[in-house]
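Peer 1: Sequence below, structure please.
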Amino acid sequence: MKAKEGTYGVYPSLSIMCPGCKGWHNVTVNTPGGWQWNGNLEKPTISPSILVRGVRGDDATVKTLCHSFVTDGKIQFLSDSAHALAGQTVELPEVD
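Peer 2: The predicted structure is shown next:
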């Protein structure tokens, strides 16, 4: 499977492992104002795009940005993503 179902508080959520960030991206799904998901864990499609901003590092000074579309089990990284996969489309990795 390429996505995990869960909850964020009381809301349904979906998690994918991002091969660009090498970490999890989590979104609330199928709720008013949330992302829409096709219900398929093997070939997930999530809309609209996912934009993740954050910081990393021991002193939290490394700024990160990941912007992507997830369609039919593939993740398309937009060119504003701040990692090596920016501008590329790759398969989502398998998760347990």
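Peer 1: and the helix or strand containing K63, how far out from the chain's middle?
Peer 2: Element membership for K63 (DSSP states H and E) is strand 62-71. Its chain's C-alpha centre and that of strand 62-71 lie 7 Å apart, by C-alpha atoms, centre = their mean, to the nearest Å.
Peer 1: Can you pull out the residues in contact with the helix or strand just after it?
Peer 2: Counting by DSSP H and E, the next helix or strand C-terminal to strand 62-71 is strand 74-77. The contact list for strand 74-77 (C-beta atoms under 8 Å, 6 or more residues apart in numbering) reads 16, 18-20, 66-70, 83, 85-92. Bear in mind the C-beta positions are built from the backbone N, C-alpha and C, glycine included.
Peer 1: returning to that earlier point: which parts of the strand holding K63 are buried?
Peer 2: Neighbour counts over strand 62-71 (16 or more other C-beta atoms under 10 Å) mark 64, 66-70 as buried.
Peer 1: so which of these comes closest to W24?
Peer 2: C66 (11.2 Å; C-beta to C-beta).
Peer 1: And that closest one, how far from L14?
Peer 2: For C66, the distance to L14 equals 16 Å [C-beta to C-beta, to the nearest Å].
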